[in-house]
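J.: Got a sequence here, can you model it:
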Amino acid sequence: MILSIESSCDDSSIAITEIETKKLIFHKKISQELQHSIYGGVVPELAARLHVEALPKILEECKEYFPKLKAIAVTNAPGLSVTLMEGVTMAKALSISLNLPLIAVNHLKGHIFSLFIEKEEIFPTTILLVSGGHTQIIEANSFDNMKILATTIDDSFGESFDKVAKMLGLGYPGGPIVQEKGLKGDENRFDFPVPLRQSPNIEFSYSGLKNAVRIQIEKLEKEEISEQDICDICASFEKTAVAHIMQKVKKLFKTKSSKHFAIVGGASANIRLRSAIEEFCKTKEMTLFLSELKYCSDNAAMIGRVALEQYKAKDFTTAKDIDVKTRLKEF
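T.: Next comes the predicted model:
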């Protein structure tokens, strides 16, 4: 079995995955959403301290599996440096004390392999990765052959939801809250501009849309912003945010084709985005793959699934050589 650790942001998670069967033997996650909600976003130093408390508690539940472990896997990039370090420090200690090889896992590959937890992988697949830190389209031909086709030039899809929620005083994480408010709103009340509408480039940007929402909120606050105003802003923003992604996805598929398409990442749980992609895939006769909702956000199960591939390839590192990286430019 492989023990995997995830601490790239504000979720403390450990999983045990059986190597031969790919079966998820154990998986637990402790979320920090409640502690960060009062700040309207993740506070890195607080997140790191909470990992120090949570990870050992989860590890205590895994001790019965220690005799069967063949490797220790851990997310080492990308993510927040102070939170990544907590997981890596635990992984180093386990690797040394149990005399087991160490596997350093790319967190973004983890999101891709969230599609294949307890399953065989399916490649080639074109993948839309949407999370709090990333908005990318990836051409995944195999485990070792993945290429970024498009990325954001500023804010990410998920981050923009968090920022809008913060501007409206709705709490954190913003995605589920904005979606819930939007269901009660008029999506056509505010005509927010679709980012990069005229640009021929296949890339994403959410800073301008976020600013347009801010300006509208300030106008409404000159009087008194009502609950219906908030719901209408959320609905109009969500409609535009998804329209931006769909415009670029459609532009991409004018020049390429694919049998398979997938959405991964924490923000892939967005219902409007899932529905829009599903309809688009039908028009292109593409098979759509979606992660189970419980595996959309950060978790150690997806890290363990990546680790299975690296274990087979003997792609190991050492406690001395492993480091953490906040960003990765390629796979």
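J.: list the contacts for the spatially closest residue to K181 that is not a sequence neighbour?
T.: Among residues not flanking K181 along the chain, C234 sits closest, at 4.0 Å (CB to CB, 6 or more residues apart in numbering). All C-beta atoms are positioned from the backbone trio N, CA, C, and that covers glycine. Residues touching C234, when contacts are defined by CB atoms under 8 Å, 6 or more residues apart in numbering, comprise 164, 168, 178-179, 181-182, 185.
J.: Taking those residues, tell me the two that lie furthest apart.
T.: Largest separation among these by CB to CB: L168 and Q179, giving 13.1 Å.
J.: Those two - which one has more neighbours?
T.: Between L168 and Q179, counted using other CB atoms under 10 Å, the more crowded position is L168 (22 against 18).
J.: so where's the longest helix in this protein?
T.: Counting by DSSP state H, the longest helix found in the chain is helix 227-252.
J.: in this protein, which helix or strand is least confident?
T.: Here the helix or strand of the chain ranked lowest by mean pLDDT, DSSP states H and E is helix 33-37, holding a mean of 93.
J.: in the helix or strand following that helix, what counts as buried?
T.: Toward the C-terminus, helix 33-37 is succeeded by helix 44-60 as the next helix or strand (DSSP states H and E). For helix 44-60, a neighbour-count test (16 or more other CB atoms under 10 Å) marks 46-51, 54-55, 58-59 as buried.
J.: From the contact counts, what lies against helix 44-60?
T.: If you count contacts as 3 or more CB pairs under 8 Å, 6 or more residues apart in numbering; DSSP states H and E, helix 44-60 packs onto strand 11-17, strand 24-31, helix 33-37, helix 81-98.
J.: just how off-centre is the third one within its chain?
T.: With CA atoms, centre = their mean, to the nearest Å as the basis, the distance from the averaged C-alpha position of helix 33-37 to the chain average is 18 Å.
J.: what comes up buried for that helix?
T.: Quick answer for helix 33-37 (16+ other CB under 10 Å): 35-36.
J.: Give me the residues contacting that helix.
T.: Helix 33-37 is contacted from outside by 10, 42-43, 46-47, 50, 171-173, using CB under 8 Å, 6+ apart.
J.: Without its sequence neighbours, what residue ends up closest to L183?
T.: Nearest residue to L183 in three dimensions, chain neighbours excluded: A235, at 7.6 Å (CB to CB, 6+ apart).
J.: What number of residues are in the vicinity of that neighbour?
T.: A235 has 23 neighbours, counted by other CB under 10 Å.
J.: How about the most centrally placed residue in the chain, nearest residue that isn't a chain neighbour?
T.: Nearest residue to the geometric centre of the chain (CA atoms, centre = their mean): G265, 3.1 Å. Excluding its sequence neighbours, the residue lying closest to G265 (CB to CB, 6+ apart) is S131, at 3.6 Å.
J.: pretty sure that neighbour contacts N270?
T.: No. Taking contacts as CB atoms under 8 Å, S131 lies outside contact range of N270: 11.1 Å.
J.: what about V130, distance to S257?
T.: To S257, V130 is 22 Å away according to CB to CB, to the nearest Å.
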